[in-house]
Structures are given as C-alpha cells and as structure tokens.
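*Asks:* Build me a model from this:
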Amino acid sequence: MPTLAATARDDAQVRYRIFSVVVLAVLAFLAARLVQMQLLDTEQYATEAEGNAIETKIVRPARGYIYDRNGVLLVDNETTLSVTVAPRYFDEADLPLVAELAGRPLDEVAARYAEITERSRYQEDVLLKNVPFWTFARLQENQYRLRGIGFREDQQRRYHSDAKLTHALGFVNEINEDELDRMEEQGFRLGDRIGKTGLEAEYEPILRGRVGREFWLVNVHGMDVQPYEGGAENVEPQSGAALTLAVDASVQALAESLFVDKRGGAVMIDVNTGGIISMVSAPDFDLDIYRDGFTQAEVDFLYRNPQKPDFNRATQASLPPGSTWKPFMAAVALEEGMIKPETTLYCPGGYRIGGRLYRCHGGAHGDIAVEDAIRVSCNTFFFRLMNDTFVNAEHPEGITMDLDRFGYWTRQFGFGQLAPLDIPNQGPGLIPDSSYYDERWPAGWGPGYTVNLGIGQGNMGTSPLQLARYTAAVANGGTLVTPHFVKSITDPATGVTREPAYKRPSQIPIEPRNFAVVRAGMREVVEGAGTARRARIDAVDDFPKIPVAGKTGTAENPRGKDHSVFIAYAPADDPQVAVGVIVENAGYGGTAAAPIASLMIEQYFRGTVTRPQLVEFVRAQRSVGRI
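*Replies:* As a prediction, the model looks like this:
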C-alpha cells in the first residue's frame, strides 16, 4: 500500500506534466501566429501599420462660376483661411490658448468645439473659419503646442454684379446634421459648404464639382510630416461646372433699384424659350451676409422682419391679378364660342346681381366689343363673360363660364399649380373650385361670390411668375413655355457646353386668331387711348420706338391700399419678352407697376433708359399700409 508521501509525489508530477503541456501549447500558438504575421500576412499588416500613420485630407474643388446671358460674371470664389481641429488628437485644456491666439472669445471657441465633438470625435472639422492672416500666422507659429490643430484653405462665394439676384441665386452655407444624414452617401462631409436655396441648391451637384484627396504621413500629435508616397496616391479635385443664365444683369439691377421702398415682385421672361431675364422680389437682402456669419441685426432683419425679405414674392406670392386677368377671359370666351370678335355687350356702368350693383371701371361704356373692352378695362363686359349664359348659333342650348370650365382653362395657362422652374420655393397661387366655396361658405354661395373672378378679383391669387408666363403665351400664340434660369452648363475640364433638359412646353388649345384679337386689344391699352399710356416707349435720339402691348390691373385690398399690377410684352409686332409686375399697396396699375415694366423693357432692348423723369417718378412710389 502506497504511503502518503508517495501519493503526493505522484500528484505533483501529474500537475507538472499538465502545466508543461499547457505552456508548450501556448508557446507553440504564439510562435505560429508570429510566423504567420511576419512571413505570411506581411503585406496586410504593413498596410494597417501605415494606415495608422496616414491622414486623408479632403481637397474641396472650386465651386462653379455663374454668368449672365452676356457673359457678365455674377458669382465666383475667393480663398479664405480656416483653422481645423482633429478631436482625437486635441487636448480640450488647450482651448483657452487657441482663443487667446485667435483673438476670439473663449465661449465662442468652446461652443464651436462642443458642436464638432457632439457630431464626431474622429473627423477633422473647421474650428475657426475665414480667419485673418495674422490669426493664421500666430496659430501656425504655436502649432507645436496645439496637438490636433491644423490649417486649410477654403472658399466662399464672391458677388460681382450690381444685380443682387438674392432669391434666384440663393446662398451657400455649411451643411447641417439633417442634410449630412441625407447626403453623406453622396460624398459630403462635416464642414462642407452646400447650396441652401435658389440656383445654388438646385444645381448643387453640378456647381460643387468633384472633391480631391491628399494622403499625408502624420506624427503622434496629428501634425503633417510629409506627403504619403510623395503625393503619388493623391486624387486631384475637379472644379464645378459654370452656369450661364438667361438673366440680363443690367435689367435685373435696374428693376431692383426701382423696387426700393416697395413690396412686390417682377419677372421678365423670353416669350419663345422661357428663359428668365429678370426676377425681382422686394424687399431683398445682400447675399454677402452669409460670408462672415450673422450679426444680431442681420438675424433680426432676415427672420423677425414683418416685411419677410427671405420670402420670394416673385414666385410665392398669391395676390389677385386684377384687370390683367381680362385678356385671359377674352381668349377663353372667344375659344369657347361665347362671343365673337364683333360681339357687343351692353355696359350701363355696372352689372347687377340681385340687389347689388358691381360697378364698372370708367363709367358706362354702352355697347362694347372685346378689343375695346380690354382697352378701356370695362368691368361689366367681363362680369358678363363670367356670369351670363350665352345663346348663339354655336350654342343654341346656351353656355356659361361655370367653375369647372373656368378651372380647366386656368390650368391650361399655368395658374393654380407649380411651374417647372429650376429654383425651389414656389407657390401655386389660388384658383377656387366649387369645393373651395363649399368649405368656406357651407351655408351656401351663388353667382355673387364668383362674378368677381371675371375681373381677377375675389378669392383668387397669382404670382408675378405666373403672370409673366401667361402673358408670354398670349404673345407667342399659345405656347406655355417652361420658365428657367440656366441657359447652358460648361464643363471646366473640357470646355464642352450643354443645355439643360427642361420639360417640353405645352400648347394651349386656343386658336391663333383668338389670341390675335386679344393682342390687338392689349396693344391699344398702351399705344392707343388705353389705361397704360405711361408705359409707352417712344423714339428718342438714335433709338427707334418700341411698341408695347399690355394690361393694367388694380387689385382691390380690403385691408389697405390696392395692389398695382401690370402685364406686358414687347415689341408688340414681334414679341420677344413678357413681363409680370405686382407692387403691393401701391395703387393703380398704371401708376407703379406699368412704369417698372416699361423701364425694364427699355433697358433690355436699348441697354439704357432714356426717361430719367420716369425713373424718378417710379422711385418715389411707396408700398403703404398692410398687405
């Protein structure tokens, strides 16, 4: 029988053998892994080791330039200096030193750093943007004390023309978190600047270009040491494409100056192509305010101002067109066979529905045909077109302009809907139908509620863009053009220019002869004894006469002074441009809106204005009272 001592020796030997086997197994495993890493997976681990010391820097391309139709430079870029921070290297205790060297308040710098780290601690981002050179130099001299602080050149937009084009061009600013979530897959990164509104937003992918990349070897402090592989792996950035607009900067600048102290908008459009020659919304603001950050005064002006300067009245307004609607009513009534060019309707000075008399503009006109009704702006004629039942050889059963018929034709002319425009921020306006009246007046409504639609009053709303587009269709014989700003896009690398693909224009199903009758009446409004004689552009010096056709409108405003409205096209005998103008709370259409349109037309065709007294008269007009 074994002794206790022998048993203990045997157990110790067994444990020793087990321990030895385990140790040998671990050593064998480690040796095998060492052989694998050193001999078999050399390339993989070498690459990873290099990656730990290689910093990828995004090189942002030059944003595309923007020109007007005549090659005038509107927007380009200027270089700015930015201070960046890589939070994974940076010591937050150094923030006071950064603020001191930069001459910035510590709370401002700390707030920006907190914003960066909240988004990501692993991506480099801009800590201080658009810094003066002395700040750049002081921080660079002390970079050895500031781990994770870096520097880069950035760009910001620079504006050259007297034409601000605020709402059309739009602005560029730093991408926000919501936008980054949507656009990160498209290659956008923290600190990128993107188009926020207008053409800058709509054409962002084209204007932005293609980003480049530089690979740098960095030390443990995150400081650049040298280009990786001598820069052989770098990817060069590609500049954004250039945009050439249909805009005439000289017309735009003039129109903007005419809208000082006014609210409203104006649009001039090419009647054949739909190119927008001018778009004004007033009040507006200088896009330069987005370059250096907002002051409190600028924030208040933009976002707390009851005049709403950031609201694009040229495309988003919804105001009654007034008597500028009468050419529309005339064209539709002629096409529907309600009247013929020679048909006369009797005007006793007003139109009576029940016990209410809807007064005519200019008193009693007697028997009057459609051309003269447009010329003198006879309300009674167009009240009757909206409300009467017309019985004739074509319609022995009678035909009336009911709301369904009215709605169909308004849509044909582009009202009550968004236009296929190449900038965002647009409103459809208001064209009421029976459901609208049912909802608003559930107790019942009748012809007294809709008769005003015949003269562009009542429950309806249009924008200057819609008015200009409709006027272009009248001028060109029924083609509803596609409004657009961009004429062409030029690739900076190849110089190849292409035209954007826009929606094809549509044809309004109205016979050319009916449009011809309407155009004859509109010509008499300006060139004859009509309501817009102030819009005439007579011959002067070496400039020949420019015949203009148009229609005034005075849109009633129950809460203040009426709105001044005017539509026009020119030359009347060979239409090339059409204009729609609304000046809010400025009175008669012939007082404020018509001279603005006339001066814009003169500037476009003559390259100058020859009526300084009219310019002075227009600039003296004001928008007063409430909208």
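*Asks:* middle-most residue in the chain, spatially?
*Replies:* For the chain, the residue nearest the mean C-alpha position is Gly198 (2.4 Å; CA atoms, centre = their mean).
*Asks:* My read is that it contacts His167, right?
*Replies:* Yes. If you go by CB atoms under 8 Å, Gly198 and His167 touch, sitting 6.2 Å apart. C-beta coordinates here come from the backbone N, C-alpha and C atoms, glycine included.
*Asks:* which residues are common contacts for these two?
*Replies:* Ile423, Asn425 (CB atoms under 8 Å, 6 or more residues apart in numbering).
*Asks:* rewinding a little: for the residue nearest to the centre of the chain, list the residues it contacts.
*Replies:* His167, Ala168, Leu169, Gly170, Phe171, Ile423, Pro424, Asn425.
*Asks:* so of the residues you listed, which ones are in helices?
*Replies:* Members of the contacts of Gly198 lying in helices (criterion: DSSP state H): His167, Ala168, Leu169.
*Asks:* As CSV, the residues you listed with neighbour count, distance to Val615 and pLDDT would be great.
*Replies:* CSV is the format used below for those (neighbours: other CB atoms under 10 Å; distance: CB to CB, whole Å; pLDDT from 0 to 100):
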residue, neighbour count, distance to Val615, pLDDT
His167, 27, 23, 96
Ala168, 27, 23, 97
Leu169, 26, 25, 97
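*Asks:* Format those residues as JSON lines; extra columns: distance to Ala475.
*Replies:* Compiled in JSON lines, the ones in helices among the contacts of Gly198 are given as follows (distance: CB to CB, whole Å):
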{"residue": "His167", "distance to Ala475": "25"}
{"residue": "Ala168", "distance to Ala475": "23"}
{"residue": "Leu169", "distance to Ala475": "27"}
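*Asks:* per-residue confidence at the spatially closest residue to Thr343 that is not a sequence neighbour?
*Replies:* Distance criterion CB to CB, 6 or more residues apart in numbering; nearest residue to Thr343, sequence neighbours excluded, is Ala369 at 6.3 Å. Ala369 is assigned 98 on the pLDDT scale.
*Asks:* since we're on Ala369, how many residues are nearby?
*Replies:* Neighbour count of Ala369, defined by other CB atoms under 10 Å: 17.
*Asks:* likewise Phe259?
*Replies:* Phe259, neighbours per other CB under 10 Å, totals 25.
*Asks:* picking that back up, which one of the contacts of Gly198 is nearest Glu298?
*Replies:* Phe171 (12.4 Å; CB to CB).
*Asks:* how about Asn476, what does it touch?
*Replies:* Val271, Asn272, Pro575.
*Asks:* close enough to count as contact, the second one and Gln576?
*Replies:* Yes. With contact defined as CB under 8 Å, Asn272 and Gln576 form a contacting pair (7.2 Å).
*Asks:* quick one, which of those two is more surrounded?
*Replies:* Counted by other CB under 10 Å, Asn272 and Gln576 do not tie: Gln576 has more neighbours, with 18 against 15.
*Asks:* Could you pick out the longest strand of the protein?
*Replies:* Using DSSP state E, we find that the single longest strand of the chain is strand 73-85.
*Asks:* on that earlier part again, ok, the contacts of Asn476 vs Arg504, which is closest?
*Replies:* Arg504 lies nearest to Asn272 out of the contacts of Asn476, by CB to CB, at 13.9 Å.
*Asks:* And the closest one, its phi and psi?
*Replies:* Backbone torsions for Asn272, taken as degrees, to the nearest 10, come to phi -100, psi -30.
*Asks:* what does the one 3 residues further on give?
*Replies:* Dihedral angles phi and psi of Gly275 (degrees, to the nearest 10) take the values phi -60, psi 130.
*Asks:* Tell me the pLDDT of it.
*Replies:* With respect to pLDDT, Gly275 scores 98.
*Asks:* again, but for Thr3
*Replies:* 60.
*Asks:* Would you map the helices across the stretch 301-450 of the chain?
*Replies:* 313-316, 326-336, 370-376, 379-387, 403-412, 434-440, 447-450 (DSSP state H, counting those that start in this stretch).
*Asks:* Nearest to Val518, out of the ones you listed?
*Replies:* helix 326-336 (4.8 Å).
*Asks:* Quick one: list the elements packing against that closest one.
*Replies:* Under the contact criterion of 3 or more CB pairs under 8 Å, 6 or more residues apart in numbering; DSSP states H and E, helix 326-336 touches helix 370-376, helix 379-387, helix 403-412, helix 464-476, helix 512-527.
*Asks:* what sits up against the shortest one?
*Replies:* Where contact means CB under 8 Å, 6+ apart, the residues beyond helix 370-376 that reach it are 326-327, 330, 333-334, 339, 341, 343, 345, 361-362, 365, 368, 378, 381-382, 517-518, 520-522, 524-525, 528-531, 551.
*Asks:* and of the contacts of Gly198, the nearest to Asp154?
*Replies:* Among the contacts of Gly198, and counting by CB to CB, the member closest to Asp154 is Phe171, at 15.6 Å.
*Asks:* pLDDT of the longest strand of the chain, averaged?
*Replies:* 92.
*Asks:* what's near enough to touch the residue lying closest to Tyr470 once chain neighbours are set aside?
*Replies:* Closest residue in space to Tyr470, ignoring its immediate chain neighbours: Phe413 at 4.8 Å, by CB to CB, 6+ apart. By CB under 8 Å, 6+ apart, the residues touching Phe413 are Phe328, Arg469, Tyr470, Ala473, Leu480, Ile508.
*Asks:* partner residues bridging Arg359?
*Replies:* For Arg359, the beta-bridge partners are Gly350 (DSSP bridges).
*Asks:* What's the local residue count around it?
*Replies:* 12.
*Asks:* now Gly590
*Replies:* Neighbours of Gly590 (other CB under 10 Å): 23.
*Asks:* one step back: for Ala86, find the nearest of the helices and strands packed on helix 326-336.
*Replies:* helix 464-476 (47.3 Å).
*Asks:* Partner strands of whatever helix or strand comes next after the closest one and their direction?
*Replies:* Following helix 464-476 in sequence order, the next helix or strand is strand 479-480 (DSSP states H and E). Here strand 479-480 is paired, per DSSP bridges, with strand 506-507 (antiparallel).
*Asks:* Give me the contacts around the strand it pairs with.
*Replies:* Gln412, Gly478, Thr479, Leu480.
*Asks:* what is the rounded mean pLDDT of it?
*Replies:* Strand 506-507 shows a mean pLDDT of 98.
*Asks:* Stretch 380-398 now?
*Replies:* The average of the pLDDT scores along stretch 380-398 is 95.
*Asks:* Could you check how far Pro327 is from Phe566?
*Replies:* 12 Å (CB to CB, to the nearest Å).
*Asks:* how about the helices of the stretch 301-450 of the chain in JSON lines, adding mean neighbour count and distance to Phe215?
*Replies:* Rendered in JSON lines, the data for the helices of the stretch 301-450 of the chain read as follows (neighbours: other CB atoms under 10 Å; distance: least, CB to CB, whole Å):
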{"stretch": "helix 313-316", "mean neighbour count": "25", "distance to Phe215": "46"}
{"stretch": "helix 326-336", "mean neighbour count": "24", "distance to Phe215": "63"}
{"stretch": "helix 370-376", "mean neighbour count": "24", "distance to Phe215": "71"}
{"stretch": "helix 379-387", "mean neighbour count": "25", "distance to Phe215": "72"}
{"stretch": "helix 403-412", "mean neighbour count": "17", "distance to Phe215": "57"}
{"stretch": "helix 434-440", "mean neighbour count": "12", "distance to Phe215": "62"}
{"stretch": "helix 447-450", "mean neighbour count": "16", "distance to Phe215": "70"}
